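Trainee: The following comprises the amino acid sequence and a computationally predicted model.
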Amino acid sequence: MSLIDNRDQARRLARAIVSDVAIYNREKVEEGIKNDNIFEVLGEQLAEGREHFNSRVTEEIAASNVFDIAVVDVLIKRAGKIESFIW
């Protein structure tokens, strides 16, 4: 399998991976947003997602912030409707 070297394709992959993390861990997402510890609560799942992402993209893209931006866009921004003192 060839590695993804296109930033747009890498963004789509990152967003899909983070979306899966959010879908399969809805309760943890809610808990993490409510308690302002989302990265601790989902640390293992996000690390696994990042590892998968890095295995599918070039080193240059893996070293960029593409995955981190997907985490913010997909996990944090979409969670804005969850009651939390952080908003």
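Mentor: All right, it came through fine. Residues are numbered from 1 along each chain as shown.

Trainee: Distance from the lowest-mean-pLDDT helix or strand in the chain to the middle of the chain?
Mentor: Ranked by mean pLDDT, DSSP states H and E, the weakest helix or strand in the chain is helix 26-34, scoring a mean of 90. With CA atoms, centre = their mean, to the nearest Å as the basis, helix 26-34 stands 14 Å off its chain's centre.

Trainee: Same question for stretch 43-61.
Mentor: Counting by CA atoms, centre = their mean, stretch 43-61 comes out at 10 Å from the chain centroid.

Trainee: Over to stretch 41-59?
Mentor: The answer for stretch 41-59 is 8 Å, by CA atoms, centre = their mean.

Trainee: Could you list the buried residues of it?
Mentor: Of the residues in stretch 41-59, 41-42, 45-46, 49-50, 53, 56-57 count as buried by neighbour count, 16 or more other CB atoms under 10 Å. All C-beta spots, glycine's among them, are computed from the backbone N, C-alpha and C.

Trainee: same deal with stretch 57-75?
Mentor: 57, 61-62, 66-67, 70-71, 74-75.

Trainee: Repeat that for stretch 6-17.
Mentor: For stretch 6-17, by 16+ other CB under 10 Å, it's 10-11, 13-15, 17.

Trainee: Just the CA atoms of that stretch, as PDB, please.
Mentor: Backbone C-alpha positions of stretch 6-17 (Å, rounded to 0.1, in the frame of the first residue of the first chain) are rendered in PDB as follows:
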ATOM      1  CA  ASN A   6      -1.700  14.600  -0.500                       C
ATOM      2  CA  ARG A   7      -2.600  16.900   2.400                       C
ATOM      3  CA  ASP A   8      -6.300  17.000   1.500                       C
ATOM      4  CA  GLN A   9      -6.500  13.200   1.500                       C
ATOM      5  CA  ALA A  10      -4.600  13.100   4.800                       C
ATOM      6  CA  ARG A  11      -7.000  15.600   6.300                       C
ATOM      7  CA  ARG A  12     -10.000  13.400   5.200                       C
ATOM      8  CA  LEU A  13      -8.300  10.300   6.700                       C
ATOM      9  CA  ALA A  14      -7.500  12.100  10.000                       C
ATOM     10  CA  ARG A  15     -11.100  13.400  10.300                       C
ATOM     11  CA  ALA A  16     -12.500   9.900   9.600                       C
ATOM     12  CA  ILE A  17     -10.200   8.400  12.300                       C
END
